[in-house]
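Engineer: sequence and predicted structure are below.
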Number of protein chains: 2
Amino acid sequence: MAAYPESTDTTSEMPGVLHAGELEIRLDEGLVLATGQPLMLSVREFEVLVALARRLGAIITRDDLYRTVWGGEQRPGDRSVDVYVSKLRSKLEEALPDRRFIHTHPGFGYRFQPQLSRNVYMEASGG
Amino acid sequence: MAAYPESTDTTSEMPGVLHAGELEIRLDEGLVLATGQPLMLSVREFEVLVALARRLGAIITRDDLYRTVWGGEQRPGDRSVDVYVSKLRSKLEEALPDRRFIHTHPGFGYRFQPQLSRNVYMEASGG
DNA sequence: CCGCGACTTTCACGGATTCTTCACGACTAA
DNA sequence: TTAGTCGTGAAGAATCCGTGAAAGTCGCGG
């Protein structure tokens, strides 16, 4: 059985809206609200965000992300995913400076999960 | 009743997830959770952890570990396994200070098994 | 047709992270 | 002591990743 609802199983319910922290993602409208404020995202940016947010807490490889958003196989050396993750981060951070949403796992991929930015905490040097 | 399922069934089938104490190892994603909190492991660190956790309770030689993770035969004097076990221990202890997972059997190899740390009871006072 | 603007894709550079190996000291056994 | 094992900090090389900017695509109004 699938561990995550990656396919569109809409038998029980179709959540037209995803929530993650202060983010509200309205799938049908292509609209993202950050604490009520609408974000200006391009189509690709929105699709990347949705692909990430649909699998909250999981690591998603670049290949997987590419297949989901662009379709087809990623050519070696293609950096499209990285570029759009960067754009997305930029806009998310502008809207919610003390949250981090997209985490990089070097060698594996990206993980979407709302977290307080680390500068909120005072961690000692030993930690 | 046991507090945690200490044993991991590695014989019946290929599970997507291994459990060991408070650790959850998601094989497909390359993600490890410690009490739900994601660990940031490098690719090698993750592979070493998986190789150990798949054989919970057993002593695994360095040669065996090297073959499983690096492939091929270990050259004499190679310390890669030790180095990565050390890194892994460091990150596991940071996440779960009260647990010890990787035990050294001098002359034989390493054994992976979640155990309560003993230094919880003897921290400052020598005993 | 032409230029413009928004968006997408590709390129390139530099910084960050990881991997491998070495070196030194602690520890153990004979 | 002497030899072997093990833990781990550190250095250099290799790889991965962030991102500004150039180049390409598309639709629209004049």
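Structural biologist: Received, thanks. As the structure is a prediction and not an experimental result, all values here were calculated from the model.

Engineer: buried stuff in the lengthiest helix in chain A?
Structural biologist: Longest among the helix segments of chain A by residue count, using DSSP state H, is helix A:80-95. Buried residues in helix A:80-95, counting neighbours by 16 or more other CB atoms under 10 Å in any protein chain shown, are found at A:80, A:81, A:84, A:85, A:88, A:91, A:92, A:95. Heads up, the C-betas are built off the backbone N, CA and C, glycines and all.

Engineer: in CSV, list those along with pLDDT and distance to residue A:103.
Structural biologist: Below are the buried residues of helix A:80-95 laid out as CSV (pLDDT from 0 to 100; distance: CB to CB, whole Å):
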residue, pLDDT, distance to residue A:103
A:80, 98, 19
A:81, 98, 15
A:84, 98, 16
A:85, 98, 10
A:88, 98, 13
A:91, 97, 17
A:92, 97, 12
A:95, 96, 18
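
Engineer: tell me which other helices or strands the very next helix or strand once past the longest helix of chain A touches.
Structural biologist: Tracing the chain past helix A:80-95, the next element assigned as helix or strand by DSSP states H and E is strand A:99-105. If contacts are counted by 3 or more CB pairs under 8 Å, 6 or more residues apart in numbering or on different chains; DSSP states H and E, strand A:99-105 sits against helix A:80-95, strand A:109-116.

Engineer: mind putting these in CSV, distance to DNA strand C included?
Structural biologist: Formatted as CSV, the helices and strands packed on strand A:99-105 follow (distance: least, CB to the nearest atom of the strand, whole Å):
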stretch, distance to DNA strand C
helix A:80-95, 4
strand A:109-116, 13
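
Engineer: of the ones you listed, which approaches residue A:46 most closely?
Structural biologist: Nearest to residue A:46, of all these, is helix A:80-95, at 9.0 Å by CB to CB.

Engineer: between strand A:99-105 and that closest one, find me the angle.
Structural biologist: For helix A:80-95 against strand A:99-105, the angle by axes from the mean of the first three to the mean of the last three CA atoms, to 10 degrees is 160 degrees.

Engineer: list every C-alpha atom in stretch A:80-100, with coordinates, as CSV.
Structural biologist: Coordinates of the C-alpha atoms in stretch A:80-100 are reproduced here as CSV (Å, rounded to 0.1, in the frame of the first residue of the first chain):
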residue,chain,number,x,y,z
SER,A,80,15.3,23.5,-13.5
VAL,A,81,14.1,22.0,-10.2
ASP,A,82,16.8,23.8,-8.2
VAL,A,83,16.0,27.1,-9.9
TYR,A,84,12.4,26.9,-9.1
VAL,A,85,12.9,25.8,-5.6
SER,A,86,15.2,28.8,-5.2
LYS,A,87,12.5,31.2,-6.6
LEU,A,88,9.9,29.6,-4.4
ARG,A,89,12.0,29.9,-1.3
SER,A,90,12.6,33.6,-2.1
LYS,A,91,8.9,34.3,-2.3
LEU,A,92,8.0,32.3,0.7
GLU,A,93,10.7,33.9,2.8
GLU,A,94,9.6,37.3,1.7
ALA,A,95,6.1,36.5,2.9
LEU,A,96,7.0,34.6,6.1
PRO,A,97,10.5,35.5,7.1
ASP,A,98,10.6,33.4,10.3
ARG,A,99,9.5,30.2,8.7
ARG,A,100,11.4,27.7,6.6
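
Engineer: as JSON lines, the helices and strands packed on strand A:99-105 with distance to chain B would be great.
Structural biologist: Shown next, in JSON lines, are the helices and strands packed on strand A:99-105 (distance: least, CB to the nearest CB, whole Å):
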{"stretch": "helix A:80-95", "distance to chain B": "16"}
{"stretch": "strand A:109-116", "distance to chain B": "7"}
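
Engineer: before we move on, back to that, nearest to residue A:101 among the buried residues of helix A:80-95?
Structural biologist: residue A:92 (5.4 Å).

Engineer: Provide a list of residues in contact with the closest one.
Structural biologist: A:23, A:34, A:39, A:99, A:101, A:102 (CB atoms under 8 Å, 6 or more residues apart in numbering or on different chains).

Engineer: before we move on, what about residue A:49?
Structural biologist: Residues near residue A:49 by CB under 8 Å, 6+ apart: A:25, A:32, A:41, A:88.
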